[in-house]
Structures are given as structure tokens and as C-alpha cells.
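Chemist: sequence plus predicted model, see below.
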Amino acid sequence: MTVVQRLRILFVIVTALLTFINGLEVIKYDESILWKLGDNGVHTYRIPLIHEAPDGKTLLAFCEARKYSSSDSGSKYIALRRSQDGGVTWSNSEFIFDDGNVKDGSNLGTVVVDSDTKTVFLVFTFCPHTCPVSETMMIKSEDNGVTWSKAVNLSSQIGNFVFAPGPGYGIQKRYSPNVGRLISCGHGSLSYDGVVCIVSDDHGTTWKKAGTLYGVPYGAAKLSGDFIPDEPQLVELSDGSLLITARNQGHYHSKARFMIKSYDAADSLQLQNVYIDNTLLDSAVQASLLVYNSKLLLFSNPANIDKRINMTVRWSENNGVSWDGSIQVYDGPSGYSCLSLIPNTTLFALVYEKGKVSAYESISLVRLNIK
């Protein structure tokens, strides 16, 4: 064996050992813009969502198309783009809901997929800023996002309270308890706030209010430092429990994320199952969470305690007990985000708000690979 051959073998061995020692690596594969300021005559695009469709090959990307200003209130469309090649190419943007020219319109929202009935549900709120009680609305698609139903008002089913779902996605329970249950979690009004979940045990025909974790002081104006859980994203772990990450709006004890566990399929959200994950630094903004497989958990947010900058993806191999690594996707202004698996690949997708001066200049799609 020559010296060169020996060196090559040594290089392979050392590389393998380093990979084993360092664990997983996430690599940015490619990036493209889905929406940007002014597209289709729309002022601003915000609140990106992404999810796999039931057919196992289509990706669905949604956002709020804010017609005349960047305001959270105001009239909007809900915009949709579809991809059938793993996010390489996308259909033209289409508007699947239009709230007209109202002063306080629709806000996304969660996308929930029922894998049994092959139905996609999109749950959103209407008039959450100026109406005494907002309305919880739902549209659905039974053909992988090609066509959508008329909006149905769920408020009479879940009760007359402010429920702003997500933003993000809901889940269908795969493991006991309550296999098959659909769950969408959101937050309440500015005065009550807190995390609230609604559930359906009949494949989305009817919904009911489930677990609630109220802000403190309950029903009163909140101050900096108060307990204000907000804007949750949930996942189901392989033991059937739920893990929820929530925005720490009041910076209660830390500028980092709330984490909430539920062991009864969101029937209850109990204070003793809440903790702060100080690794997940946060300036009080929405974030995303995704189970990549039964052994890997992914998390995304603009990782900065003061500004919405530095979009980062972290990963954990022990269900979030600790975080094993991270990748900085973008170091500039960045805001809300959503993670999704990409069908039939080892890639996963991140959609996020991105800009040079403001985070709200565009919505970008990043595909990432795990080595």
C-alpha cells in the first residue's frame, strides 16, 4: 500500500469520526422568493404557512396578502401557492379567501391536514382587533388545495371568545391518547391572552374548545414581565404527548421561549407543565416547531433577544431537552416562520419573512438538507 493510499484511508476514517462526534449537520440547500411587496397589486405579504398536502407529493404555502397597508388589521386576501416537485417550482399565486374592504379583516391561522379523509383545513380569525369577540373561520379543500370551500363560522361551536389560531399548523394525533384527533392551538385577546386549543374528534365536522393556559393577571392589562404566553406551535412526540412552543410576550423571567407539555391530547394545558427554554432566545415573536422523524426535532425563529433578525434553525435529538446544533439561515431582518417536511425527499422547508431594511419585504422559501 502506497503512502498516498494510506493517507486517503486515514482521511476517510478521520472524516467519519468527526461526523460521528459532531452529530447531525443541517445544510442550506437553496432559497427562492414566494411573495414580495407589491406583487399582484398587494401592499404587503405576511404570516407564512407551509404544509404537505394529503397526496404525499404537494406542498402548500399560504400567507396573508394585506391589500392596502402592512397593518395587522385592514382588509386582506389569503394567498396560496402550490408545488408538486418538492418546492423547486410553484404555481402562480391565487387568492382563496377575500374579506372585502373591511376595517378589520382576516388573520392567519393554522393549516390542519386530516390524513384519513384527505382533507386540508385552514382555520383563521376574523375581526380580532376591533370587534368585542372575533369570529373563528374555516375553509377546506378535498383535492390537495386545488379548490376551496366557502368559509364556515366555527364560533358557535367553540364558544364566543377571541381565538386567533397559530400562526402555524395544527396536527392530527397519530399516537394514543385520542388517535385521529385534529388539534389547532392559538391565542386569545390582548387583555386575556394565553394559549387556547380547539379540537375535533369527527374529522373536522365539529370543533370544541379544549385546554387553555391563561395569561396573568387574568383579564387585566399586561405589563412587561407578566406571564403572557402567546402564538403557539405544537407537535406530537412519539410517546403521544404534545410539545408546544409559545411566544413569551411579556419576557416573563427571560427573553426566551415558553415550552408547554400536554399529556391528554390538549384537553388541558397545566401550569406545572410549562417551562422556559433559555436556549431558544427570542424577542417576543412567532416561531415554528417540527418533528422531522421520531428522533429529531426542529425549531425556527429570529434568534435575537432585542430585534427580529438572525433567522435560525435549531435541532434536538432528545425532544427539546437540549439543542444539539443550529444553522443561521439569514442574518438580516426576519420575522415569522413555518417549517414543513418536503414529500419524498430528505429535505425540509422553511418559509419566513425576510428583508434588507424590514422583515416584511418578502416571504422566502429555504430548502434545507440534513446530513
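Modeler: Yep, it's here.

Chemist: contacts only, for Gln249.
Modeler: Asp193, Gly215, Lys222, Ile228, Pro229, Asp230, Ala284 (CB atoms under 8 Å, 6 or more residues apart in numbering). For the C-beta atoms, the positions are set from N, CA and C on the backbone; glycine is no exception.

Chemist: show me where the stretch 101-250 of the chain has helices.
Modeler: 155-158 (DSSP state H, counting those that start in this stretch).

Chemist: ok, which stretches of it are strands?
Modeler: Assigned by DSSP state E, counting those that start in this stretch, the strands in the stretch 101-250 of the chain fall at 106-114, 119-126, 135-141, 152-153, 164-165, 168-169, 171-172, 182-187, 195-200, 208-213, 229-236, 242-248.

Chemist: now mean pLDDT and distance to Val313 too, for those strands, in JSON lines please.
Modeler: What follows is the strands of the stretch 101-250 of the chain, written out as JSON lines (pLDDT from 0 to 100; distance: least, CB to CB, whole Å):
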{"stretch": "strand 106-114", "mean pLDDT": "98", "distance to Val313": "20"}
{"stretch": "strand 119-126", "mean pLDDT": "98", "distance to Val313": "25"}
{"stretch": "strand 135-141", "mean pLDDT": "98", "distance to Val313": "28"}
{"stretch": "strand 152-153", "mean pLDDT": "97", "distance to Val313": "35"}
{"stretch": "strand 164-165", "mean pLDDT": "96", "distance to Val313": "23"}
{"stretch": "strand 168-169", "mean pLDDT": "98", "distance to Val313": "15"}
{"stretch": "strand 171-172", "mean pLDDT": "98", "distance to Val313": "20"}
{"stretch": "strand 182-187", "mean pLDDT": "98", "distance to Val313": "21"}
{"stretch": "strand 195-200", "mean pLDDT": "98", "distance to Val313": "23"}
{"stretch": "strand 208-213", "mean pLDDT": "97", "distance to Val313": "26"}
{"stretch": "strand 229-236", "mean pLDDT": "98", "distance to Val313": "14"}
{"stretch": "strand 242-248", "mean pLDDT": "98", "distance to Val313": "13"}
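
Chemist: point out the most buried one among these.
Modeler: Of all these, strand 168-169 carries the top mean neighbour count, a mean of 30, counting by mean count of other CB atoms under 10 Å.

Chemist: make a markdown table out of the strands of the stretch 101-250 of the chain and add distance to Leu341.
Modeler: Output for the strands of the stretch 101-250 of the chain, formatted as a markdown table (distance: least, CB to CB, whole Å):
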| stretch | distance to Leu341 |
| --- | --- |
| strand 106-114 | 11 |
| strand 119-126 | 15 |
| strand 135-141 | 19 |
| strand 152-153 | 28 |
| strand 164-165 | 21 |
| strand 168-169 | 11 |
| strand 171-172 | 13 |
| strand 182-187 | 18 |
| strand 195-200 | 22 |
| strand 208-213 | 25 |
| strand 229-236 | 12 |
| strand 242-248 | 17 |
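
Chemist: for Ile363, find the nearest of these.
Modeler: strand 106-114 (11.9 Å; CB to CB).
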